[in-house]
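Peer 1: my questions are about this predicted structure, shown below with the sequence.
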Amino acid sequence: MNRSIPLVLAVALFMEQMDSTVIATALPAIAADVNTSPISLKLALTAYLVSLAIFIPISGWMADRFGARRIFAIAIGVFLAGSIACAVSGSLIEFVAARFLQGMGGAMMTPVGRLVLLRSTEKSQLVSAMAWLTIPALVGPMVGPPVGGFLTTFLSWHWIFLINIPIGLAGIVFAIKILPDDGIRVRDKVDWTGFLLSGTATSGIVFGLSVISLPVLPPVWGLAITGIGILSLIAYLRHARAHPKPLLDPKIFRNRTFSLSLLGSSLFRVGSGAVPFLLPLMLQLGFGMSPFQSGMITFISAAGAILMKFAIKRILSLGGFRFTLLVAAAGSALSIAVNGFFTPATPITLILLILFVSGLVRSMFFTAVNALTFSEISPEEAAQASSITSASQQVSIAIGVALAGGIVEVVTRLDGGVLGLNAFHTAFFAVAALTSVAILPFLVLPPDAGDAVSGRALGRAGPRAASPVRS
């Protein structure tokens with residue numbers, strides 16, 4: 001495996017993942033400069049998520065039509081243009097539009113970056129490659145708050161976006177020079193009806209749930225928009241069954257390993273995806289910490305995520321995917337539940353230790369499930385699989401955040417309108433229970449699923465087991 005390929009992809013995706021959370025701590029400063037309120041500025045957070053949801057479904061077709069390497073480089077350029085537009089924004093409308101432009105680039109970067117990796121990596125090296133690609137998704141959201149707090153406090157909020165310029169320019173140069181050209185150029189026309197329906201479905205669900213969890217508009221609007229998204233999803237599935245070349249082909253779900261992996265990872269993200277939302281809020285509102293202090297504490301889980309990268313291949317070769325995913329899902333659920341016992345009297349060292357372990361087991365889960373999801377996907381199906389996976393990730397995280405926010409709101413009202421630790425503790429217990437549900441799909445997974453990718457087959461049956469998996 002050419003290690004420079006996943007490294008280039010990881011650096012670019014880290015920029016995108018970090019930027020999705022970095023502005024959270026800078027909202028008051030940005031709001032003051034663009035003459036609006038921090039609550040109104042949350043529309044910028046929603047605009048980014050909606051843009052991701054709209055354009056992720058078409059990313060696979062664009063990569064197949066124009067080349068994955070070219071689209072990945074263009075995606076970095078669009079993201080970079082959006083970053084510059086954010087830095088020079090002078091009004092709420094300008095800033096929201098700039099974040100939407102950023103989202104267009106981000107929508108292409110993750111699924112197309114994964115596609116480049118899939119098409120340039122042997123199946124036997126997929127675990128190691130996916131470990132590199134998993135780190136940005138785990139570390140980025142943790143790095144975002146402390147970086148945003150530091151830059152806003154000691155420089156200005158503009159640097160949150162200007163810092164992307166050298167990273168983005170280097171990413172474009174390295175993408176063109178290092179990433180291979182997969183040579184795939186399909187001539188199929190784009191399924192515009194499918195694009196409209198899938199974009200409405202994913203963006204409607206993500207936007208609707210975001211409105212419910214972070215009420216910028218009345219919650220009834222969120223429910224209505226979510227309903228439109230669900231109806232559009234049903235309409236898309238009917239359309240896809242009748243279309244000869246649908247934008248996202250549901251037939252890919254006939255692959256049992258892909259389906260079970262996607263279901264398990266989606267359930268896991270509904271629970272674990274709420275933690276980056278809940279934990280900083282609890283530390284700031286419940287413990288009285290500053291945004292920078294809370295960000296530095298939560299950052300310790302990133303260290304656990306990085307450390308796991310060096311051990312995951314050995315773990316999978318010994319235990320296989322099924323056993324590893326069951327242990328990781330159970331361990332993650334337990335570590336999330338423990339957050340529900342944190343109080344201001346809890347020793348910081350104990351909190352750091354638990355968050356470090358949490359980073360270890362979450363990294364174990366995501367690296368393993370990402371590799372297993374694509375272990376039996378053919379090169380022809382890779383673009384579809386990558387787009388579907390990215391879209392499901394956005395929807396799952398939106399559901400998790402909406403659920404966690406809703407629980408905090410309900411418990412707060414039951415407690416007389418006072419937001420206390422009880423609301424956060426209840427939310428942590430609930431999302432931990434949801435995370436544990438991710439165990440169920442992996443219980444029915446065959447014990448030898450993905451063995452040729454994990455290396456377990458080689459150690460158990462000799463060199464003959466190392467042959468490529470059947471696609």
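Peer 2: Thanks, I have it.

Peer 1: helix or strand right after the host helix or strand of residue 389?
Peer 2: Assigned by DSSP states H and E, residue 389 belongs to helix 382-414. Per DSSP H and E, the first helix or strand lying C-terminal to helix 382-414 is helix 421-437.

Peer 1: show me what that next one is packed against.
Peer 2: Judged by 3 or more Cβ pairs under 8 Å, 6 or more residues apart in numbering; DSSP states H and E, helix 421-437 is in contact with helix 256-272, helix 275-281, helix 312-339, helix 382-414. Heads up, the C-betas are built off the backbone N, CA and C, glycines and all.

Peer 1: list the buried residues of it.
Peer 2: Buried residues in helix 421-437, defined by neighbour count with 16 or more other Cβ atoms under 10 Å: 422-428, 430-432, 434-436.

Peer 1: sec struct for residue 78, please.
Peer 2: On the three-state scheme (DSSP: H, G, I helix; E, B strand; the rest coil), residue 78 is labelled helix.

Peer 1: hmm, it is touching residue 103, no?
Peer 2: No. Using Cβ atoms under 8 Å, residue 78 is not in contact with residue 103; the gap is 9.4 Å.

Peer 1: which one's more surrounded, these two?
Peer 2: A count of neighbours by other Cβ atoms under 10 Å puts residue 103 above the other of residue 78 and residue 103, at 26 against 20.

Peer 1: mind listing what that one touches?
Peer 2: 47, 48, 49, 50, 51, 52, 55, 82 (Cβ atoms under 8 Å, 6 or more residues apart in numbering).

Peer 1: and the last one, what is it in contact with?
Peer 2: To tie it back to what came earlier, the one meant is residue 82. 98, 99, 100, 101, 102, 103, 104, 105.

Peer 1: name the element the last one belongs to?
Peer 2: Right, residue 105. Going by DSSP H and E, residue 105 is part of helix 92-120.

Peer 1: and the angle for that helix with helix 382-414?
Peer 2: 130 degrees (axes from the mean of the first three to the mean of the last three Cα atoms, to 10 degrees).

Peer 1: quick revisit: which one of the contacts of residue 103 sits closest to residue 144?
Peer 2: residue 48 (12.4 Å; Cβ to Cβ).

Peer 1: quick one: contacts for that closest one?
Peer 2: 20, 99, 100, 102, 103, 106.

Peer 1: low-confidence regions, the stretch 1-150 of the chain specifically.
Peer 2: Applying pLDDT under 70 to the stretch 1-150 of the chain flags residues 1-4, 20-22, 24-25, 27-28, 37-42, 123-124, 131-143, 145.

Peer 1: hang on, the earlier thing: quick one, which of the contacts of residue 103 are buried?
Peer 2: Buried among the contacts of residue 103 (16+ other Cβ under 10 Å): 47, 48, 49, 50, 51, 52, 55, 82.

Peer 1: how much space separates the second one from residue 101?
Peer 2: Counting by Cβ to Cβ, to the nearest Å, the separation of residue 48 from residue 101 is 10 Å.

Peer 1: just the first one next, same as before
Peer 2: Distance of residue 47 to residue 101, given as Cβ to Cβ: 9 Å.

Peer 1: sorry, back to before: so which bits of the helix holding residue 389 are buried?
Peer 2: Buried residues in helix 382-414 (16+ other Cβ under 10 Å): 382-409, 411-412.

Peer 1: which residues are in contact with stretch 398-412?
Peer 2: 49, 205-206, 209-210, 212-214, 269-274, 277-278, 281, 418-420, 422-424, 426-427, 430-431, 434.

Peer 1: nearest to residue 288, of the contacts of residue 82?
Peer 2: residue 99 (30.1 Å).

Peer 1: hang on, the closest one packs against residue 47?
Peer 2: Yes. Using Cβ under 8 Å, residue 99 is in contact with residue 47, at 4.7 Å.

Peer 1: which of the residues in the stretch of helix or strand residue 227 belongs to are buried?
Peer 2: Assigning secondary structure by DSSP H and E places residue 227 in helix 219-242. Across helix 219-242, burial judged by 16+ other Cβ under 10 Å covers 222, 225, 226, 228, 229, 232, 233, 235, 236, 239, 240.

Peer 1: need the contact list for the spatially closest residue to the fifth one that is not a sequence neighbour.
Peer 2: With sequence-adjacent residues excluded and distances taken as Cβ to Cβ, 6 or more residues apart in numbering, residue 229 is closest to residue 204, at 2.5 Å. Contacts for residue 204 were tallied using Cβ under 8 Å, 6+ apart; they are 225, 226, 228, 229, 230, 232.

Peer 1: residue 204 and residue 282, how far apart?
Peer 2: Residue 204 sits 30 Å away from residue 282, going by Cβ to Cβ.

Peer 1: pLDDT averaged over stretch 302-309 - what is it?
Peer 2: Averaged across stretch 302-309, pLDDT comes to 79.
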